[in-house]
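[1] Sharing a model that was predicted from the sequence below.
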Amino acid sequence: MFVRQKSHKMKQSTTKWVLGHKVTPYDTTGDYDIMLAETPPKVQGPPPHFHNSFDESFLILEGEMEFFVNGSIKTVKAGESIDVPKKTLHTFNNKSDKPCKWVNIHSPKGFRDFFEKMGVSETEENAQERSVTPEIIQEVIKTASDYDMLIEV
């Protein structure tokens, strides 16, 4: 028998700029993290990396994103998705002239901490620019493995 669950309000999500991308994580009751993101035009993604523990999925809502996954390049457009299994080298970027809005899921739960710790609050002045300063990039490189983000150099 199907029982309709009432939706309940969880803690308020905080939007942050993370490495040039606007990221809003949402609370979930399942064993996954979900976030809504927006990537401005011509913004590079994170350095090529993989996760030992997390499967990752991307759903493009508006615009398009170029993905590099295990040596192959694929452009994913609005209405399309791409899955990146754990232990798979990947990155992404928005090479287009338009913003890209997308949903990102990590399973199991746990990668959200990376966005929370490395992000710059959207309420801070010049938040996007500050999210890609050399100091933040060095901090990401130095601590990425703490979040199961293993960067290939």
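    That came through fine. Numbers count the residues shown, from 1 in each chain.

[2] Contact partners for residue 82?
    By C-beta atoms under 8 Å, 6 or more residues apart in numbering, residue 82 lies in contact with 57, 58, 67, 69, 74, 76. C-betas here are computed from N, CA, C, even on glycine.

[3] which SSE is it in?
    strand 81-84 (DSSP states H and E).

[4] Residue 140 too?
    Per DSSP H and E: helix 134-143 holds residue 140.

[5] got the buried residues for that helix?
    Under the neighbour-count criterion of 16 or more other C-beta atoms under 10 Å, helix 134-143 has 136, 140 buried.

[6] Could I get the full set of strands for this structure?
    16-18, 21-26, 33-39, 43-44, 49-50, 55-62, 64-69, 72-77, 81-84, 90-94, 100-107, 120-121, 150-151 (DSSP state E).

[7] tell me the most buried of those?
    Compared across the strands of the chain, strand 16-18 shows the largest average neighbour count, a mean of 24 (mean count of other C-beta atoms under 10 Å).

[8] Please list all residues in contact with residue 124.
    With C-beta under 8 Å, 6+ apart, residue 124 has these contacts: residue 130.

[9] So what's the model's average confidence on the helix holding residue 140?
    For helix 134-143, the mean pLDDT works out to 95.

[10] Number the residues from 44 up from this point.
    In the new numbering, first residue 44, that becomes helix 177-186.

[11] And for the spatially closest residue to residue 195 that is not a sequence neighbour, the neighbour number?
    Spatial nearest neighbour of residue 195, chain neighbours left out: residue 91 (4.7 Å); criterion: C-beta to C-beta, 6 or more residues apart in numbering. Residues lying near residue 91 (other C-beta atoms under 10 Å) number 15.

[12] Could you check how far residue 91 is from residue 136?
    For residue 91, the distance to residue 136 (C-beta to C-beta, to the nearest Å) stands at 11 Å.
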